[in-house]
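**Q** Just need the structure, nothing else, for what follows:
(2 chains)
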Amino acid sequence: MSSSKFTRRSVLKTSAAAGAGLAMPSFFTSMARAYTNEPTGSTVTLGFNVPQTGPYADEGADELRAYELAVKHLNGEGDGGMLNTFSSDALQGNGILGKRVEYVTGDTQTRSDAARSSARGMIERDGAVMITGGSSSGVAIAVQGLCQDAGVIFMAGLTHSNDTTGKDKRANGFRHFFNAYMSGAALAPVLGNAYGNDRRAYHLTADYTWGWTQEESIVAATEALGWETVETVRTPLDATDFSSYIAPVLNSGADVLVLNHYGGNMVNSLTNAVEFGLRERMANGKQFEIVVPLYSRLMAQGAGEAVKGIFGSTNWHWSLQDEGSQAFVRSFGNEYGTPPSQAAHTCYVQTLLYADACQRAGTFNPCGVAEALEGFEFDGLGNGPTLYRAEDHQCFKDVLVVRGKENPESEFDLLEVVEQTPVDQVMYAPDHPMFAGGDLGECNPGD
Amino acid sequence: MDVILLQILNGLDKGSAYALIAMGLTLIFGTLGVVNFAHGALFMIGAFCAVTLNRIFNISFTTIDETRTDFLGNPMEVHTTYLETWLGPDLGGAIIDWSVPLSILFAIPIMVAIGVVMERGLIRHFYNRPHADQILVTFGLAIVLQEIVKHYYGANPIPTPAPDAFRSAIDFGALIGLEPNAVIYPYWRLIYFCFAAVVIAALFAFLRFTTFGMVVRAGMADRETVGLLGINIDKRFTIMFGIAAAVAGLAGVMYAPINSPNYHMGMDFLVLSFVVVVVGGMGSLTGAVAAGFLLGVLESFASMNAVKDILPGIDQIIIYLVAIVILLTRPRGLLGRKGVMEE
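**A** Sure, this is the predicted structure:
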């Protein structure tokens, strides 16, 4: 379950650090701290970097609610939430390593430059020892790079691009959320069962890192089923009306439209597709279908009735019946009156995992924390048994395939889980071609 | 043939929105000489009038259904609208279903009032200031308005569906003898285009055939002389500001089912509408309408795969490219008047 504190790697690192320290002039080392923002008082500060303005602001607000709840639970307030179901018992509800948890927040605006700027401010001005959050892969990759350079841990929020733990992975960065490859691997068999293996797909793809990797993943997974990819079309991220992209789909010979869109893009493209009557059409003698590979409840709320019957995948859903999910839903629901989104869940879990790693490592030193997270196996946090793989800092766990509910019973009851795909089916080698080209590098403790 | 027709149809609905917004912009510029960067926000407020009326119609009371449970396992709260209770499920449901078209009646007085208050309360103080000052203050106003909307309605798009009867699409190709399913066009977009055409025609008729319109047109041509004739042209121009605001608002109301309203939609349309005004010719109503439809259709063609394969990224820059060409070859725009912004 938990890893030993003394490994060959840690001994080597410590020896190297000690050697470098002895070789260094004493006037230089006497001023240096052991690592960036080492907490010296009775508190430790975490930095929550979420979109508070811009198109994902509602998702960011839900992330922030989850972070505040996690801080409460870490400090021993509230009902404890998932601390009661977490398989690790290192956390005792007395903060982290006996220090009360405080936090500062930043606004990513879903823009990489703004996100880096707010993260830098929280590190340099507020003394944050860890940065977490975000609702976009572009932002996650940008902030992850900054945290690597600054010598703090980055616990990614909602980021689904393969690149985050692929070609852009960093030793100081960790992702609990699933990725595009996993979506493809989980979704394809369900699509094959529902729609058959003789389909022709047309992809509309958001033109940035997440869209590209999702398109690549879904194309590979569906072509492996026997589907043919008729066309892949990139759409600008700031597009609001997709009618001119959707109209040609009807004459393309395709009988499935795959929308590699998220957030406002997905809401608008799906609404436009339904408006053009795609779902009522027959093509190639089959019912025309739409697929949204990455779903979120907040997005489903935005798209309204258009999501009914449409397949997709999700990292987590509030309707799960395991003990951890139920504890979190109860805690979050009693606090805020709504069930948590998948973004809220992953952010809450990332905070607990970071705190637990510090506690087990006995330090806030990013290198100690990273080592405690690498290869860590845990359970009780809502996704079943989960592994934080050491080679790429990606969590591996079951993936949910969901479908827009035909007869929702409430405003939150929009998606139904149709399959919980076992982790083995979505696992891949660290050097898989879709994730190749990156290098974790060495952990950077900063100062 | 069918592909060309499809893209023309696609361009018409967006072109309609451009034309309606640009017409209001150029009307304000022509009458008051003000470059109004808050005009996009008026389009957005119009869309939120539709959201608001929909919410008003959906005001409900809560009862507890002991037989069902909510996500926390508590007895389920069931919401029933007052409209359906008072008027019966059929009539009440129909009124809720038709909330977007009914929002036209709701939006007109609100938008005229907002326009008049905006003009009297803020913009009139900037008539004699440089255009840069006018742009700064109206741009600031636009940001304030969108932040207010975001505060009350949130940042996510709010689905505001068209009436159920118009949610499907028409097989336009089959109607004109083409292959079935070759040219599919949503009913609501067709309605939007017709609605825009009626509003444009009504505004032209108002300016052309009424005494009020004649005075306004005279004021646009020579404000001082009209003033010397003892006519209170300022009052008429204020009313025109209100009318321009109402036109932008109506464009927003009817656009709500096409793109779920969000607080940023005004900014998305504003820049493009300004390009439309410049291409059409500053101060020219006919130019604004013609350029609106022209650029809408060109934008639609530019997003075709066949075009993007030859010119990657053309869909993002086509409007600006056309603007550059027009301004190089016809510096006053397509139908610009001599003397406007040339002093």
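**Q** dump the residue contacts of residue 43.
**A** Using chain A here. For A:Thr43, the contact set (Cβ atoms under 8 Å, 6 or more residues apart in numbering or on different chains) comprises A:95, A:99-102. C-beta coordinates here come from the backbone N, C-alpha and C atoms, glycine included.
**Q** please go with chain B instead
**A** For B:Phe43, the contact set (Cβ under 8 Å, 6+ apart) comprises B:17, B:21, B:248-249, B:251-252, B:255, B:265-266, B:269-270.
**Q** of those residues, closest to A:Asp356?
**A** Proximity of those to A:Asp356 (Cβ to Cβ) peaks at B:Met265, which lies at 43.3 Å.
**Q** The closest one and B:Val35: what is the separation?
**A** 20 Å (Cβ to Cβ, to the nearest Å).
**Q** who's more crowded, these two?
**A** Taking other Cβ atoms under 10 Å in any protein chain shown, B:Met265 and B:Val35 do not tie; B:Met265 has more neighbours (25 against 21).
**Q** Could I get the contacting residues of that one?
**A** B:Met265 touches A:240, B:40, B:43-44, B:47, B:252, B:255, B:259, counting by Cβ under 8 Å, 6+ apart.
**Q** Tell me, how many residues neighbour residue 56?
**A** You didn't pick a chain, so chain A it is. Using other Cβ under 10 Å: A:Tyr56 sits among 29 other residues.
**Q** Correction: the question concerned chain B.
**A** 14.
**Q** Can you classify it by secondary structure?
**A** helix (DSSP: H, G, I helix; E, B strand; the rest coil).
**Q** So which residues of chain B form helices?
**A** B:2-32, B:39-57, B:82-97, B:99-121, B:131-153, B:172-175, B:187-209, B:211-221, B:223-228, B:233-255, B:265-280, B:285-302, B:305-310, B:314-329 (DSSP state H).
**Q** So how do I select the buried members of the contacts of A:Thr43 in PyMOL?
**A** Per 16 or more other Cβ atoms under 10 Å in any protein chain shown, the buried members of the contacts of A:Thr43 correspond to this PyMOL selection:
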select buried, chain A and resi 95+99+101+102
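**Q** In CSV, list the contacts of A:Thr43 along with distance to chain B, pLDDT and secondary structure.
**A** Listed next are these as CSV, based on distance: Cβ to the nearest Cβ, whole Å; pLDDT from 0 to 100; DSSP: H, G, I helix; E, B strand; the rest coil:
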residue, distance to chain B, pLDDT, secondary structure
A:Gly95, 28, 97, coil
A:Lys99, 33, 97, strand
A:Arg100, 29, 98, strand
A:Val101, 26, 98, strand
A:Glu102, 27, 98, strand
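**Q** I'd like the contacts of A:Thr43 laid out as a markdown table, including distance to A:Ala343.
**A** A markdown table is the format used below for the contacts of A:Thr43 (distance: Cβ to Cβ, whole Å):
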| residue | distance to A:Ala343 |
| --- | --- |
| A:Gly95 | 25 |
| A:Lys99 | 27 |
| A:Arg100 | 26 |
| A:Val101 | 20 |
| A:Glu102 | 22 |
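**Q** So which of the contacts of A:Thr43 is the closest to A:Val233?
**A** A:Val101 (46.0 Å).
**Q** and the stretch 101-250 of chain A, which of its residues are near chain B?
**A** Counting by Cβ under 8 Å from any Cβ of the partner chain, the residues of the stretch 101-250 of chain A close to chain B are A:231, A:233, A:236, A:238, A:240-241, A:243-245, A:247-248, A:250.
**Q** Which ones among the residues you listed lie within strands?
**A** A:231, A:233 (DSSP state E).
**Q** Can you select the buried ones among the residues of the stretch 101-250 of chain A next to chain B for me in ChimeraX?
**A** Applied in ChimeraX, the following selects the buried portion of those according to 16+ other Cβ under 10 Å:
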select /A:233,240,241,243,244,245,247,248,250
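**Q** would a markdown table of the residues of the stretch 101-250 of chain A next to chain B with pLDDT be doable?
**A** Listed next are those as a markdown table, based on pLDDT from 0 to 100:
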| residue | pLDDT |
| --- | --- |
| A:Glu231 | 93 |
| A:Val233 | 90 |
| A:Pro236 | 84 |
| A:Asp238 | 76 |
| A:Thr240 | 79 |
| A:Asp241 | 82 |
| A:Ser243 | 84 |
| A:Ser244 | 82 |
| A:Tyr245 | 87 |
| A:Ala247 | 82 |
| A:Pro248 | 83 |
| A:Leu250 | 79 |
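**Q** Of all pairs in the residues of the stretch 101-250 of chain A next to chain B, which one is the farthest apart?
**A** A:Asp238 and A:Leu250 (24.9 Å).
**Q** So A:Glu63 sits against A:Ala156, correct?
**A** No: checked against Cβ atoms under 8 Å, the pair A:Glu63 and A:Ala156 is beyond contact range at 11.4 Å.
**Q** Comparing these two, which residue is more hemmed in?
**A** A:Glu63 (32 against 28).
**Q** Export the strand or helix carrying the more buried one to PDB, keeping only CA atoms.
**A** Using DSSP states H and E, A:Glu63 sits in helix A:57-74. The C-alpha atoms that make up helix A:57-74 are tabulated as PDB, following Å, rounded to 0.1, in the frame of the first residue of the first chain:
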ATOM      1  CA  ALA A  57     -16.000  29.900 -14.500                       C
ATOM      2  CA  ASP A  58     -18.900  27.700 -13.200                       C
ATOM      3  CA  GLU A  59     -16.600  24.700 -13.400                       C
ATOM      4  CA  GLY A  60     -13.900  26.600 -11.600                       C
ATOM      5  CA  ALA A  61     -16.400  27.700  -8.900                       C
ATOM      6  CA  ASP A  62     -17.300  24.000  -8.300                       C
ATOM      7  CA  GLU A  63     -13.500  23.200  -8.100                       C
ATOM      8  CA  LEU A  64     -13.100  25.900  -5.500                       C
ATOM      9  CA  ARG A  65     -16.000  24.600  -3.400                       C
ATOM     10  CA  ALA A  66     -14.300  21.200  -3.400                       C
ATOM     11  CA  TYR A  67     -11.000  22.600  -2.400                       C
ATOM     12  CA  GLU A  68     -12.500  24.600   0.500                       C
ATOM     13  CA  LEU A  69     -14.300  21.400   1.600                       C
ATOM     14  CA  ALA A  70     -11.000  19.500   1.400                       C
ATOM     15  CA  VAL A  71      -9.200  22.100   3.500                       C
ATOM     16  CA  LYS A  72     -12.000  21.900   6.100                       C
ATOM     17  CA  HIS A  73     -11.700  18.100   6.300                       C
ATOM     18  CA  LEU A  74      -7.900  18.300   6.500                       C
END
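**Q** what about the stretch 1-150 of chain A, any weak spots by pLDDT?
**A** For the stretch 1-150 of chain A, applying pLDDT under 70 flags the ranges A:1-32, A:54-55.
**Q** go with 80
**A** A:1-33, A:53-58 (pLDDT under 80).
**Q** Find the closest residue to chain B in it.
**A** Residue of the stretch 1-150 of chain A nearest chain B, by Cβ to the nearest Cβ: A:Ala57 (3.4 Å).
**Q** Surely that residue and B:Lys150 touch.
**A** Yes: under the criterion of Cβ under 8 Å, A:Ala57 makes contact with B:Lys150 at 7.5 Å.
**Q** between the two, who's got more neighbours?
**A** Ranked by neighbour count (other Cβ under 10 Å), A:Ala57 and B:Lys150 place A:Ala57 first, with 22 against 17.
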